[in-house]
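Undergrad: Any chance you could fold what I've pasted below:
(2 chains)
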2 protein chains.
Amino acid sequence: MLTRPDVAIVGAGPVGLAIAWRCASRGLRVTVHDPAPGSGASHVAAGMLSPVAEAYFGEHELTGLLAESAARWPRFAADLAEASGADVGYRADGTLVVGLTADDLAEARRLWSYQQGVGLPITPLRPSELRDREPALAPRVRGGAVAPGDHQVDPRRLVAALRAAAERAGAVLRPARVGALSEVDARITVVAAGCGAAALTGLPVRPVKGQVLRLRAPGRGAPDFRHVIRGYADGESIYLVPRDSGEVVVGATVEERADTEVTAGAVLRLLRAAVDLVPELAEYELVEATAGLRPGTPDNAPVIGPLPGRPGVLVATGHHRHGIVLTPVTADLVTELIVTGEPDPLLAPFTPDRFGKEPRWN
Amino acid sequence: MLTRPDVAIVGAGPVGLAIAWRCASRGLRVTVHDPAPGSGASHVAAGMLSPVAEAYFGEHELTGLLAESAARWPRFAADLAEASGADVGYRADGTLVVGLTADDLAEARRLWSYQQGVGLPITPLRPSELRDREPALAPRVRGGAVAPGDHQVDPRRLVAALRAAAERAGAVLRPARVGALSEVDARITVVAAGCGAAALTGLPVRPVKGQVLRLRAPGRGAPDFRHVIRGYADGESIYLVPRDSGEVVVGATVEERADTEVTAGAVLRLLRAAVDLVPELAEYELVEATAGLRPGTPDNAPVIGPLPGRPGVLVATGHHRHGIVLTPVTADLVTELIVTGEPDPLLAPFTPDRFGKEPRWN
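TA: Predicted coordinates:
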């Protein structure tokens, strides 16, 4: 590609690659700049598509965007499978929200009452119903609820598929680090660099460390449970994401730190809660313990839209704990903005100008 | 080396390499056969030199050999440092035996009473004395004792130093697997192949799986405790071995299994006990979780001496949990037997013929 690209994307995580794929499919000339595609937060992410189980008090607008993007996921996954020839492990078994002790159950119930109150599909279950659905749960588990619309995908397979689809559509990957936006020459530059967006744009994006474990079922079979399990166990909040491959992802800590060390205390907390909720996990192999950095923002919501004071620069970052579920809607909204020049009304609460008119970009 | 060697050693773990070094130093021509030196049990071992804290009911003769070998360790370490130019991390800070709960303390006390009864140097401490010696211990720890003569060494550095010393003395390493003793041509063959000795000799040596963690102190400094800690915590028996490098080894499970998978349940048990005993370990980095196979025997004691029915073949294996502490005495006894042809009386309880006159060797 010798001519100036229409769109240069900084960052080859799921968001950057999905934008690349969508833009290239619309006939735009696209480059994606990343020395290590898929090595950021998505490499560690579990891949829960949980607009319900991840909806929190006071995050009403974010909850709406999560629900919108989750609704786009089945079609997005099907399109992507067709475009890439690869499967992303989309599974629609639903999510169980459970509490180990009476206190944990009260905490879980408080949250799902809020979720019901804003109209999200979550249904409390009696303990016997819970165990009928998932006999692998510990007998101690006091109760829970089911969010049938909360699904999952495998983020590492997602990145591989998006990369294949983007390249098949004509996007070009450039394996080099971008140190400043002035190094990029394109009609439109999209900063989808996760935590790296802070240095590139001056926006208040900060790293939020998450530690995650990957277990594997004995004998290489599938885990004995099918649902994603969102559990509260002795005050610890964790999730368990079972995959057909036998893998179970156990996550995640949320720490205001910028290092990626795996600590003994975090592994202990995750394993204790996991085994308390699903005792058979004690027999699983521990195959990986990793830490990643989520791009967090002051209001926990993503930053999507034009960078103030910097014509031609768009931002798509700050997805924090929701990068995987928000990938389809982010790619759609950014692509539409590039193609039509008109922002979708959905974008309004999430544009960068909510943090001030002129961030300290460089 | 074109001529037939005097001594061929199968297995380049600490025992095999120490025999090689000692024999080569006596002027014998020595070959050592191992496709992966130091990759067996020693790679996982913590390196406690604990004749006292590891003395158990009913293992009186083994306890004597442990004490004898531990007494040889300071001189062995000094000789080895001189011969290899490398340090093996010998540390004489002593071992604290501690109990977390009243039940744990009763268990620990029962054991150290036995140890005192057989004349081993171990002294009960009041809780305040315990904490004066090691303030990093949890306030919950109920009590303990000190075994000042129980020291430590770094097994990975030991293997490197022994290898250097053996090669400097003229021993030749052959990086190939020995499938049968008939493949080896030497005046004397020494089987020091750990669990692999079973297939080579027919002796009842079985793998005993051990899972071990390696933590690292934050900021790359030394751990905040100096003693080896042998702890009982809610029924779990573990040890914590601090090194100057900042490493802390946490071990170990004892499982009648032959696989080397790291399981979630074992890591959970080790971490829980470690953090309960020394809370600051929660902040340490978890850098390694590994499993190894110790060579166990029916009576938990090593097998050292002539293989019945097989002239010219000696055995030095079955060291189970004691391979590192027993390395000096094993090397000395085997070398003397090779050089003089006369077995030291110390060997009597440990010779292979205690398992029958003619094992199914092949």
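Undergrad: The closest residue to residue A:306 other than its chain neighbours bridge partners, please.
TA: Of all residues not flanking residue A:306 in the chain, residue A:314 sits nearest, at 5.8 Å (Cβ to Cβ, 6 or more residues apart in numbering or on different chains). The C-beta positions use only the backbone N, C-alpha and C, and glycine is treated the same way. Residue A:314 has these beta-bridge partners by DSSP bridges: residue A:190, residue A:306.
Undergrad: Go ahead and confirm residue A:314 touches residue A:191.
TA: Yes - under the criterion of Cβ atoms under 8 Å, residue A:314 makes contact with residue A:191 at 7.2 Å.
Undergrad: so who does the closest residue to residue A:319 other than its chain neighbours touch?
TA: Among residues not flanking residue A:319 along the chain, residue A:302 sits closest, at 4.6 Å (Cβ to Cβ, 6+ apart). The contact partners of residue A:302, taken as Cβ atoms under 8 Å, 6 or more residues apart in numbering or on different chains, are A:65, A:316, A:317, A:318, A:319, A:320, A:322, A:326, A:330, A:350.
Undergrad: What about the residues you listed, which are in strands?
TA: Secondary structure defined by DSSP state E assigns A:316, A:317 of the contacts of residue A:302 to strands.
Undergrad: shaky segments in chain A?
TA: Applying pLDDT under 70 to chain A flags the ranges A:1-2, A:357-362.
Undergrad: Quick check: residues of it near chain B?
TA: Counting by Cβ under 8 Å from any Cβ of the partner chain, chain A comes close to chain B at A:213, A:215, A:261-265, A:267-268, A:271-272, A:274-275, A:281-287, A:289.
Undergrad: Surely residue A:50 touches residue A:241?
TA: No - assessed by Cβ under 8 Å, residue A:50 is found out of contact with residue A:241, at 9.9 Å.
Undergrad: picking up where we left off before, the residue nearest to residue A:306 - how many residues pack around it?
TA: Number of residues near residue A:314 (other Cβ atoms under 10 Å in any protein chain shown) recorded here: 22.
Undergrad: list the contacts for it?
TA: Residue A:314 makes contacts with A:188, A:189, A:190, A:191, A:304, A:305, A:306, A:307, A:334, A:337, A:338, as judged by Cβ under 8 Å, 6+ apart.
Undergrad: and the gap between residue A:188 and residue A:24?
TA: Using Cβ to Cβ, to the nearest Å, we find residue A:188 at a distance of 13 Å from residue A:24.
Undergrad: Settle it for me: which of those two has more neighbours?
TA: residue A:24 (24 against 20).
Undergrad: Against residue B:123, how distant is the more buried one?
TA: Distance, residue A:24 to residue B:123, by Cβ to Cβ: 75 Å.
Undergrad: for the stretch 251-362 of chain A, what spans make up the strands?
TA: Along the stretch 251-362 of chain A, counting by DSSP state E, counting those that start in this stretch, strands occupy A:285-296, A:303-306, A:313-317.
Undergrad: what's the second one packed up against?
TA: Here strand A:303-306 is seen to pack against strand A:313-317, helix A:327-340 when contacts are counted using 3 or more Cβ pairs under 8 Å, 6 or more residues apart in numbering or on different chains; DSSP states H and E.
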